[in-house]
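**Q** Take this sequence and fold it.
(chains A and B)
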Amino acid sequence: METIQDLFRNKSAAFGLMLVALIVFTALFGPMLAPYDPLIPAPLDRLQGMSRVHFFGTDSLGRDIFSRVIFGSRISLMIGGISVAISLVPGTLLGLTAGYFGGWLDSLIMRFMDILLAFPAILLAIFITAILGPNLTNTMIAVGIVYIPHYARIVRSSVLSLKQQLFVQAIGHLGGSTFRILGKHILPNSLPPIIVYATLGMGTAVLQAAALGFLGLGAQPPQPEWGAMLSEGRKYIQLAPHVAAFPGLAILLLVLGFNLFGDGLRDTLDPSLRSQ
Amino acid sequence: MPIDYLIRRLVHLLIILFGVSVLVFLMLRMIPGDPAQLLLGEFANPEELAGLRSQLGLDKSLFTQYWIYLKNVLQGDLGISIRTEIPVAQEIFVRLLATLELSLAAMVIATFLGVAAGVISAVKQYSIFDYASMFLALVGVSMPIFWLGLMLIYLFSVKFSVLPMMGRLSMGLDVPSWSGLVVVDSLLAGNVPAFLDSLKHLLLPALTLATIPTAIVARITRSSMLEIQNQDYVRTARAKGLSNLVVILRHTLRNAFLPVVTVLGLNLGLLLGGAVLTETIFSWPGLGRYVVNSLMARDYAAVQGCILIFATLMVMINLLVDFLYVVLDPRIRVHD
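**A** Residues are numbered from 1 along each chain as shown, chains lettered A, B, ... in the order given. Below you'll find the predicted structure:
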């Protein structure tokens, strides 16, 4: 409870949470908020500027950009959540295993993680998407796989320090099983850095997925994914800059929200990392 | 620096690079689509396809293909691009220089802007400038750089027509290729119009690529400066009557620079990743754009070569940063 109060006292974290909440609200009530169908083209209205009829203008097929941005929020939040889950679950398990058992298993797991970390993140994501095929599901898988080593490293370092703690050693001496020690004592105590990284990771996942969409490797038309909308807007940057401007702004706000909230969460959950 | 630590790190580096080469090799073979079919088109007859597969070595076992590849790589032969039929090493070298030029320019921008913003923020802690610059830094790390690039193109190339939107040099201008860096070559050749033109071409992509590193450097510089500002020796320097500027430049910034150097080094890896997007937006003929195009065309040799180069650069940079850290701060000792 105190943690939550601390978090809300942090102005930038509260602002970040507000941004994220606003976008979650938009995603939940999208069909009620969007004035037009985001997928149906209206050729007579193509590339119109901002007006009272179309707040954010229209795209090359005459679709209302405001409605598409609203529906795009659902896709981006889904990408963020699922990608983070894909990285978090195996990353945590690998980190727990490597840190607790040590020895050759630790070396094997962590060297493999090092190999994955040797690739620039976007390049590895592009590579995986190229193998799996360009679509939304594969984008989430690709972005998820890219960040597995980050979670593995964080969890491993937590486990290495926790397993030296007296209470963990005592449970071991008292006959506590490995599963019990890991699941009931080490994992819950490793959670704060994982939660912080996962929150910040949501923003990173949204950015990476948007980048893949921008390169044509993510969500495919006519899905209103923000990165893919930006990619389309690129073709009309001279004629109609608003086509690219608004989806990009939406990405920026969502990622900023996650980053502000993640920073605040880190200050609250792990004061040793507090930025001055 | 203990020699055994150095050897251990180099062995580690070789293991990573070997792992990267195996992983890239296997992953490329999993990409759906036959490169021979792609090259000859859908109307190629089976004999032609079989002939090309044999010529490319695709009819051999995976192990044999990898073994041949590894042997060639160790001799500096990265294969022949199936698209351009030019040796991949040659293609990569030319494009790597273009990426290097862009990354170095971005690094210079990030260092100057980031350090300046971080220092002023720390010196004027809790001022409007401090809040504004740290908020901007957070916006910087949250920004999709491909969007920023497009917006800069619209603003400076389309609306005000003051900067070019793509390429490295305008048509009609020519500079000899000595270093491969157009800005440097035009300067060396004494060709002022080409120099100014290349700088103009470099500005927007470099600014775009520098956004995230600038933000990170600003945040690190600020927190590092704040930490150092409260040290006894800084207080002593002030007590001696030294001016604020001297204290900042000679005592605070100099010592606060260690984490900044680390971040700058690690950001070189970030720049390599960022180059993929920036080069695509600005049609910059670098390695990032080349690897994306090669991947789309299933040009195995080119992709393998590029990724190997990217990964080598990443691990080398990490190693160099670690060494630089020890050199810059003799108190840091290498532990097992």
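
**Q** all contacts plus neighbour counts: C-alpha atoms, from now on.
**A** Noted.

**Q** ok, residue B:213 - how many residues close by?
**A** Applying other C-alpha atoms under 10 Å in any protein chain shown, we find 27 other residues in the vicinity of residue B:213.

**Q** phi, psi of it?
**A** The phi and psi torsions at residue B:213 (degrees, to the nearest 10) take the values phi -60, psi -40.

**Q** Give me the spatial nearest neighbour of it, chain neighbours excluded.
**A** Leaving aside its sequence neighbours, residue B:213 sits nearest to residue B:110 (C-alpha to C-alpha, 6 or more residues apart in numbering or on different chains; 5.7 Å).

**Q** residue ranges of the helices in the chain, please?
**A** Here I'm looking at chain A. Assigned by DSSP state H, the helices in chain A fall at A:2-9, A:11-28, A:30-33, A:65-101, A:103-117, A:121-132, A:136-146, A:148-162, A:166-173, A:178-180, A:187-214, A:226-235, A:242-269.

**Q** wait, chain B
**A** Using DSSP H, helices in chain B cover B:3-30, B:35-40, B:46-56, B:62-74, B:88-123, B:128-142, B:145-152, B:182-188, B:192-229, B:232-239, B:244-246, B:253-281, B:287-296, B:300-328.

**Q** Columns distance to chain B and mean pLDDT on top of the helices of chain A, output as CSV?
**A** Putting the helices of chain A into CSV (distance: least, C-alpha to the nearest C-alpha, whole Å; pLDDT from 0 to 100) gives the following:
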stretch, distance to chain B, mean pLDDT
helix A:2-9, 17, 75
helix A:11-28, 9, 93
helix A:30-33, 23, 90
helix A:65-101, 13, 95
helix A:103-117, 5, 92
helix A:121-132, 4, 88
helix A:136-146, 13, 95
helix A:148-162, 14, 92
helix A:166-173, 24, 84
helix A:178-180, 27, 86
helix A:187-214, 6, 91
helix A:226-235, 7, 93
helix A:242-269, 5, 92
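
**Q** distance of residue B:247 from residue B:228?
**A** In this structure, residue B:247 and residue B:228 are separated by 11 Å, where distance is defined by C-alpha to C-alpha, to the nearest Å.

**Q** Please disregard the earlier target; I meant residue B:121.
**A** Using C-alpha to C-alpha, which is the criterion applied here, residue B:121 is 14 Å from residue B:228.

**Q** More neighbours: which of these two?
**A** Taking residue B:121 and residue B:228 together and counting by other C-alpha under 10 Å, residue B:121 has the greater number of neighbours (26 against 19).

**Q** Report the contact partners of residue 31.
**A** You didn't say which chain, so I picked chain A. Residues in contact with residue A:31, defined by C-alpha atoms under 8 Å, 6 or more residues apart in numbering or on different chains, are residue A:71.

**Q** was after chain B, sorry
**A** If you count contacts by C-alpha under 8 Å, 6+ apart, then residue B:31 has A:130, A:131, A:132, B:298 around it.

**Q** can you pull the contacts of residue 140?
**A** Let's take chain A. Going by C-alpha under 8 Å, 6+ apart, the list of residues near residue A:140 reads A:79, A:82, A:83, A:86, A:209.

**Q** nope, chain B please
**A** Taking C-alpha under 8 Å, 6+ apart as the criterion, residue B:140 is in contact with B:211, B:212, B:214, B:215.

**Q** near chain A, which residues of the stretch 51-200 of chain B?
**A** Taking C-alpha under 8 Å from any C-alpha of the partner chain, the part of the stretch 51-200 of chain B that reaches chain A is made up of B:138, B:139, B:142, B:143, B:144, B:146, B:147, B:150, B:151, B:154, B:158.

**Q** Turn those residues into a markdown table, including neighbour count and distance to residue A:5.
**A** Listed next are these as a markdown table, based on neighbours: other C-alpha atoms under 10 Å in any protein chain shown; distance: C-alpha to C-alpha, whole Å:
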| residue | neighbour count | distance to residue A:5 |
| --- | --- | --- |
| B:138 | 21 | 23 |
| B:139 | 21 | 25 |
| B:142 | 26 | 26 |
| B:143 | 22 | 29 |
| B:144 | 26 | 32 |
| B:146 | 28 | 37 |
| B:147 | 29 | 36 |
| B:150 | 27 | 41 |
| B:151 | 21 | 39 |
| B:154 | 20 | 44 |
| B:158 | 18 | 49 |
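
**Q** Ok, which of the helices of chain B comes nearest residue A:175?
**A** Comparing those by their distance to residue A:175 (C-alpha to C-alpha), the top pick is helix B:3-30, with 37.6 Å.

**Q** re the thing from before, report the two of the residues of the stretch 51-200 of chain B next to chain A separated the most.
**A** With distances taken as C-alpha to C-alpha, the most widely separated pair in these is B:138 and B:158, at 27.8 Å.

**Q** what about the closest residue to residue A:26 other than its chain neighbours, how many neighbours?
**A** Leaving aside its chain neighbours, residue A:26 sits nearest to residue A:70 (6.2 Å; criterion: C-alpha to C-alpha, 6+ apart). A count of neighbours around residue A:70, defined by other C-alpha under 10 Å, yields 27.

**Q** same thing with residue B:198?
**A** For residue B:198, the tally of surrounding residues (other C-alpha under 10 Å) stands at 24.

**Q** measure residue A:52 to residue A:58 for me?
**A** Taking C-alpha to C-alpha, one finds residue A:52 at 12 Å from residue A:58.

**Q** Which one of those two is surrounded by more residues?
**A** Neighbour comparison, residue A:52 and residue A:58: the larger count goes to residue A:58, with 27 against 7 (by other C-alpha under 10 Å).

**Q** Can I get the contacts of residue B:140 in a markdown table including neighbour count?
**A** As requested, these are exported to a markdown table (neighbours: other C-alpha atoms under 10 Å in any protein chain shown):
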| residue | neighbour count |
| --- | --- |
| B:211 | 26 |
| B:212 | 27 |
| B:214 | 30 |
| B:215 | 27 |
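
**Q** picking up where we left off before, grab the two from the contacts of residue A:140 that are most spread out in space.
**A** Between any two of these, the greatest separation by C-alpha to C-alpha is 13.5 Å, found for A:86 and A:209.
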